[in-house]
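Asks: When you get a sec, could you give me coordinates for this:
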Amino acid sequence: MRPHDADPIPCVNHKVLGLSHITFIVQNLDRMEEILTTVLGARRFYDSDTQTFSLSPERFFMIGGSDGQAPIWVATMRGDTILPRSYNHTAFRIRDVHYQHYKDRVEHLGLVVREGRQRNAAEGRSLYFYDDDNHLFELHTGSLSERMRLYLGDYDPTIISSADHSRGSTTP
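Replies: Predicted coordinates for the structure are as follows:
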């Protein structure tokens, strides 16, 4: 038996509640704020300024929160690490009708746009761009349900929340 197979504390009906926050380490807090507010419509609600409660000065933002969805808490912290460019990314969902508006915002800020992969139109459109610290962002017009209908054909969207799905089964 492998050590992780024997769970000393059974997890009965304990589930992760959702995404708490996303933190980006950046060299320039002001520039990242410009990107978050201009491109994503973020609203800053906290700036540690000279107080440091965490590892370094930080700012907190809320992104989204419309159409009955909870906003996403995004934290930025000052740091010196610049990442190598990769496909590791954070994706935000947007409406297809607003795609060009977001693309214009990204281009206005002079951000580096990464070409997306070839995709079926039913998956939605994606706009990828790097910030100044090489974090890759995606603005995506599709949904998980739309993608699964494309991949599986007769996909039942209730499978996403079923208990069987969380154990890896594809049957409802």
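Asks: mind listing the helices for this protein?
Replies: Using DSSP state H, the helices of the chain run over 29-40, 99-108, 144-152, 163-166.
Asks: what's the angle from the first one to helix 99-108?
Replies: To tie it back to what came earlier, the one meant is helix 29-40. When axes from the mean of the first three to the mean of the last three Cα atoms, to 10 degrees is applied, the directions of helix 29-40 and helix 99-108 differ by 160 degrees.
Asks: beta partners of Y46?
Replies: As for beta bridges, Y46 partners with F60 under DSSP bridges.
Asks: just to revisit the earlier point, in CSV, list the helices of the chain along with distance to S54 and mean neighbour count.
Replies: From N, CA and C alone the C-beta is placed, and that goes for glycine too. Below are the helices of the chain laid out as CSV (distance: least, Cβ to Cβ, whole Å; neighbours: other Cβ atoms under 10 Å):
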stretch, distance to S54, mean neighbour count
helix 29-40, 13, 18
helix 99-108, 29, 14
helix 144-152, 32, 14
helix 163-166, 32, 11
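Asks: do you know which of these lies nearest D132?
Replies: helix 29-40 (5.6 Å; Cβ to Cβ).
Asks: For the closest one, what is the distance to the chain centroid?
Replies: The chain centroid and the centroid of helix 29-40 are separated by 15 Å under Cα atoms, centre = their mean, to the nearest Å.
Asks: For that helix, which helices and strands make contact with it?
Replies: In terms of contacts (3 or more Cβ pairs under 8 Å, 6 or more residues apart in numbering; DSSP states H and E), helix 29-40 is packed against strand 43-47, strand 58-63, strand 72-78, helix 99-108.
Asks: Same list, the ones you listed, but as a markdown table with mean pLDDT and distance to I25 please.
Replies: Formatted as a markdown table, the helices and strands packed on helix 29-40 follow (pLDDT from 0 to 100; distance: least, Cβ to Cβ, whole Å):
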| stretch | mean pLDDT | distance to I25 |
| --- | --- | --- |
| strand 43-47 | 95 | 16 |
| strand 58-63 | 96 | 10 |
| strand 72-78 | 95 | 5 |
| helix 99-108 | 95 | 21 |
